[in-house]
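Asks: below: sequence and its predicted model.
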Amino acid sequence: MRHGGAALAALTAALVVAAVALAAGRGGAPDPVLREHFDGRDRLLTNEHAGRDRRTPRSRRWQVTSGSWFVRDRHGWTGVPDGDSPGCCSRRATGSAVFRVVTRQAQPADAEVSMRLRVDGLTQTARTPQQAYDGVHVFLRYRSERELYVASVNRRDGAVVVRKKLPGGDANGGRYVDIGERTLRPIPFGAWQRIAVRVRDVPAGVGFRVLVDGASVLAVTDTGAGGPLISGGGRAGLRGDNADFRVDDVAVRGL
């Protein structure tokens, strides 16, 4: 009986340890489904001509639909933004006054997109005059350039806001709708920030949370504002408008 009791006690202890480990795993951050550290030498990672000009580098993870994306000092960088065409190799121009990059693969519907972000300056060009929305934004559930969510995390006017874009309108074939209220947080030019944007389906609709350096600065829910919810998965990405910025440790995690 003593041996049987000892065996039972050992089994019970093992089960408790396993349960605690499982609970801890569920409570911790899940492994990223995508992570980019921008390792290696300084180079053009890719630009808007990839796939159309064989001289342009092509990224297996990212598709730039406008502008140029460089690796510089082990960071992702837009280059100095201008309003010209970058050509095959972005040597004379970047086109990054209008910067758009998305993942090549769809990401989980409920996800967190995180990164280190540093905005070094804002500009304007003849093609892209100064706008209140100039800055850096995070794409979520990106289906097309006309159907997506976007979280503005650093804007010229200081607004932190989540917006939905739906087909039909004068914004490149779509129209934008604000989700919930905005908050104000001026851009800390030249300083690194830790940004995380979360999206998930909730009973009331689609919920969003924006965190800066670990603190929640905005939480809103799309209950059908201005049109249907964007449900299910989609691509993730970044948008820059007249913004010279760098990113590092870009990650996407399922929630």
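Replies: Ah, there it is. Residues are numbered from 1 along each chain as shown.
Asks: residue nearest the centroid of the protein?
Replies: In the chain, the centroid-proximal residue (Cα atoms, centre = their mean) is residue 138; its distance is 3.9 Å.
Asks: list the contacts for that residue?
Replies: The neighbours of residue 138, taking Cβ atoms under 8 Å, 6 or more residues apart in numbering as the test, are 113, 150-151, 153, 195, 197, 236-239. C-beta coordinates here come from the backbone N, C-alpha and C atoms, glycine included.
Asks: in strands, which of those residues appear?
Replies: 113, 150-151, 153, 195, 197, 236-239 (DSSP state E).
Asks: reformat the residues you listed as JSON lines; add distance to residue 101 and neighbour count.
Replies: Formatted as JSON lines, the ones in strands among the contacts of residue 138 follow (distance: Cβ to Cβ, whole Å; neighbours: other Cβ atoms under 10 Å):
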{"residue": "113", "distance to residue 101": "12", "neighbour count": "24"}
{"residue": "150", "distance to residue 101": "13", "neighbour count": "23"}
{"residue": "151", "distance to residue 101": "15", "neighbour count": "25"}
{"residue": "153", "distance to residue 101": "15", "neighbour count": "28"}
{"residue": "195", "distance to residue 101": "15", "neighbour count": "22"}
{"residue": "197", "distance to residue 101": "15", "neighbour count": "26"}
{"residue": "236", "distance to residue 101": "10", "neighbour count": "28"}
{"residue": "237", "distance to residue 101": "5", "neighbour count": "24"}
{"residue": "238", "distance to residue 101": "5", "neighbour count": "27"}
{"residue": "239", "distance to residue 101": "8", "neighbour count": "24"}
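Asks: distance to residue 30 for the residues you listed - can I get that in CSV?
Replies: Below are the ones in strands among the contacts of residue 138 laid out as CSV (distance: Cβ to Cβ, whole Å):
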residue, distance to residue 30
113, 13
150, 24
151, 20
153, 22
195, 18
197, 16
236, 15
237, 20
238, 21
239, 25
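Asks: how about these in TSV, adding distance to residue 186 and pLDDT?
Replies: Formatted as TSV, these follow (distance: Cβ to Cβ, whole Å; pLDDT from 0 to 100):
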residue	distance to residue 186	pLDDT
113	22	98
150	20	98
151	17	98
153	12	98
195	15	98
197	18	98
236	25	98
237	24	98
238	20	98
239	19	98
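Asks: just name the closest of those residues to residue 184, please.
Replies: Nearest to residue 184 among these is residue 153, at 12.5 Å by Cβ to Cβ.
Asks: show me the shaky parts of the chain.
Replies: 1-29 (pLDDT under 70).
Asks: one more pass at 90, please.
Replies: 1-30, 51, 169-172 (pLDDT under 90).
Asks: would you map the helices across it?
Replies: In the chain, the helices defined using DSSP state H lie at 2-27.
Asks: what segments of the stretch 1-150 of the chain are strands?
Replies: For the stretch 1-150 of the chain, the strands defined by DSSP state E, counting those that start in this stretch occupy 34-36, 43-47, 62-66, 68-72, 75-77, 98-103, 111-122, 135-144, 147-155.
Asks: what's the burial count for the closest residue to residue 133 other than its chain neighbours?
Replies: Excluding the flanking residues, the one nearest residue 133 by Cβ to Cβ, 6 or more residues apart in numbering is residue 155, at 5.7 Å. By the criterion of other Cβ atoms under 10 Å, residue 155 has 25 neighbours.
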